[in-house]
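J.: Need the 3D shape of this:
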Amino acid sequence: MLSRRIYQFFLIYLLGLSALMVFKYGLNLSDYVIPGPGEIVKTGRMYSGQYFAAVLDTMVVAILGHFLSIVLATIVGVIGRLNLWIGSFIRVAAFNIQAYPIVAVAPIIFILLGDGLSSRLLIAAMICYFPLLLSIIGILTEPVTEIEHFFESTRRMNWRLQTRIRAFENIQKLITVVVGSATLAMVGTIVAEFIAADAGIGYSIRIALFQSDLAKILIALFFIGLCTSLYLVCLEWIGRIFQRRWE
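T.: Numbering: from 1, shown residues only. Here you go, the predicted structure:
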């Protein structure tokens, strides 16, 4: 699984880089606009250590924000499942809040909390929280008729058992949702760093953009994709272990 995921990432990255080179040489653009392969390799040798450390910094914040959003979405999703009015209100609120782009909300967060870890963590959690919440509510409000009917007929049904039944029957969906939301946490952290933070790979990309240095941005994208792929593999592995033990 690990080798397949890494292989797929390298393939996608090389295809994107090749398309960029075709665009460069097809339009005869200068190295100032799009750097050549030699310049990209040279930049990679010079800045790989710095950018890898910056990506790890971003990953730590993204993982913390992702974990926080999973816990909150699970708690709120279970509460929303127990009460139809609360569940409906949560869905409407989530839809409305998602209508605001994070780049519009982020400046308010930075004004209130500053440009440190708390702002990056909050934005990372926010951007993946609502998709998680809506998915969890959707899964927990979908009845498993055959199994639930048996426990209802034997008068052993309660909200805890019902929640476990619905979660178990949709465990693969839950794993997919959690893994998919991990990329949103990474995106949210990078966006936060790009807007106003003073650390992380998003901050490094902002500096490279101000310097009009596309080679640095390409190296940053390489490490972002590599570390994100590794994190997704870890989540899928944990999900499989959790599923087997629950079964």
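
J.: all contacts plus neighbour counts: C-alpha atoms, from now on.
T.: Fine.

J.: Quick one: distance of the biggest helix by length in the chain to the chain centre.
T.: Ranked by residue count, the top helix of the chain under DSSP state H comes out as helix 37-82. Mean C-alpha position of helix 37-82 versus that of the full chain (C-alpha atoms, centre = their mean, to the nearest Å) differs by 7 Å.

J.: and what of stretch 198-214?
T.: On the basis of C-alpha atoms, centre = their mean, stretch 198-214 sits 20 Å off its chain's mean C-alpha point.

J.: which of the residues in it are buried?
T.: Of the residues in stretch 198-214, 199-206, 208, 213-214 count as buried by neighbour count, 16 or more other C-alpha atoms under 10 Å.

J.: Present those residues as TSV; the columns should include distance to residue 55, pLDDT and secondary structure.
T.: Shown next, in TSV, are the buried residues of stretch 198-214 (distance: C-alpha to C-alpha, whole Å; pLDDT from 0 to 100; DSSP: H, G, I helix; E, B strand; the rest coil):
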residue	distance to residue 55	pLDDT	secondary structure
199	10	77	coil
200	6	83	coil
201	5	87	helix
202	8	86	helix
203	10	86	helix
204	9	89	helix
205	11	89	helix
206	14	88	helix
208	15	87	helix
213	18	83	coil
214	17	87	helix
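
J.: And the longest helix of the chain, what does it pack against?
T.: Using 3 or more C-alpha pairs under 8 Å, 6 or more residues apart in numbering; DSSP states H and E, the elements in contact with helix 37-82 are helix 84-98, helix 117-140, helix 171-195, helix 201-210, helix 214-246.

J.: For residue 161, which of these is the nearest?
T.: Of all the helices and strands packed on helix 37-82, it is helix 117-140 that lies closest to residue 161, at 11.5 Å by C-alpha to C-alpha.

J.: Give the other helices and strands that the closest one contacts.
T.: Short answer (3+ C-alpha pairs under 8 Å, 6+ apart): helix 117-140 packs on helix 37-82, helix 84-98, helix 102-113, helix 159-169, helix 171-195.

J.: For those, state which one has the densest average packing.
T.: Ranked by mean neighbour count, the helices and strands packed on helix 117-140 are led by helix 171-195 with a mean of 21 (mean count of other C-alpha atoms under 10 Å).

J.: For that helix, name the packing helices and strands.
T.: With contacts defined as 3+ C-alpha pairs under 8 Å, 6+ apart, the packing partners of helix 171-195 are helix 37-82, helix 102-113, helix 117-140, helix 201-210, helix 214-246.
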